[in-house]
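J.: Just the structure for this:
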Amino acid sequence: MRVEMHVAEEAGQQGLRFPPTEDYVELRGNPQGVLRIPVAVENLPLRNFLDSVNAPESLFASFGASASEVPAETSAANPGVFRSRVTLVYSELALNLQRDLYEQLAVQLAGLLLRESGDALSCDLEVARCAFSLGEGQCLRVTLTARAPNAEQARLRWGLGLARVQQALLYCSRQMRQKMGGPDDSPATI
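T.: Model (predicted):
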């Protein structure tokens, strides 16, 4: 898997807001909430991903999920492209104000994803500015793109790649919890 990592500079880039003001569905402690997100209902791998990263044992919460087929590219080699984007924050709001935690997460996640072979999948990890009720902080935008000879194969590769991103995120969550001194099976509240 090809992985690119970006860190937004402090000034000059438009930040996000958590929770967003429109169309936000709280998924932590609300497993049925995912059924109110049309793109998750249409894409089982995304629904599973959202269920998992918002579960009590995860340190994360998500917002702004999207997934869609990308119009055919000019390259005849891979006309099928499917892409998703999910924005992640820490479920404990105070952690979102610590930029170094996001940078460490992006580096660790990139390291785990780079172990996947092939160029059919690419993952873009962006540490972006995000406004919270406690002040200005960060979030992690994860964009996964799958390429294949046709749209159906691209969607299949995307689903398999998203499961790999999910596994890597949960691994990172367990590692972070251990570093913070919490037991592996404790709730995400730190």
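J.: All the helices of this structure, residue numbers only.
T.: Secondary structure of the chain (DSSP state H): helices located at 38-42, 44-53, 99-113, 151-179.
J.: So which of those helices is nearest Pro79?
T.: Ranking the helices of the chain by proximity to Pro79 (Cβ to Cβ) places helix 151-179 first, at 7.9 Å. Where C-beta positions appear, they are placed from N, C-alpha and C, glycine not excepted.
J.: could I have the lowest-mean-pLDDT helix or strand in the chain exported to PDB, CA atoms only?
T.: Ranking every helix and strand in the chain by mean pLDDT, DSSP states H and E puts strand 2-7 at the bottom, with a mean of 88. The C-alpha coordinates for strand 2-7 follow below in PDB (Å, rounded to 0.1, in the frame of the first residue of the first chain):
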ATOM      1  CA  ARG A   2       1.300   3.400  -0.900                       C
ATOM      2  CA  VAL A   3       1.000   5.800   2.100                       C
ATOM      3  CA  GLU A   4       1.400   9.600   2.100                       C
ATOM      4  CA  MET A   5       1.400  11.700   5.300                       C
ATOM      5  CA  HIS A   6       0.700  15.400   5.600                       C
ATOM      6  CA  VAL A   7       0.700  17.800   8.600                       C
END
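J.: Tell me the strands beside the strand ranked longest in the chain, with direction?
T.: Longest strand in the chain by number of residues (criterion: DSSP state E): strand 135-148. Strands that pair with strand 135-148, judged by DSSP bridges, come out as strand 80-90 (antiparallel), strand 121-132 (antiparallel).
J.: I'd like those laid out as JSON lines, including mean neighbour count, distance to Gly181 and mean pLDDT.
T.: Putting the strands paired with strand 135-148 into JSON lines (neighbours: other Cβ atoms under 10 Å; distance: least, Cβ to Cβ, whole Å; pLDDT from 0 to 100) gives the following:
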{"stretch": "strand 80-90", "mean neighbour count": "22", "distance to Gly181": "16", "mean pLDDT": "96"}
{"stretch": "strand 121-132", "mean neighbour count": "20", "distance to Gly181": "23", "mean pLDDT": "95"}
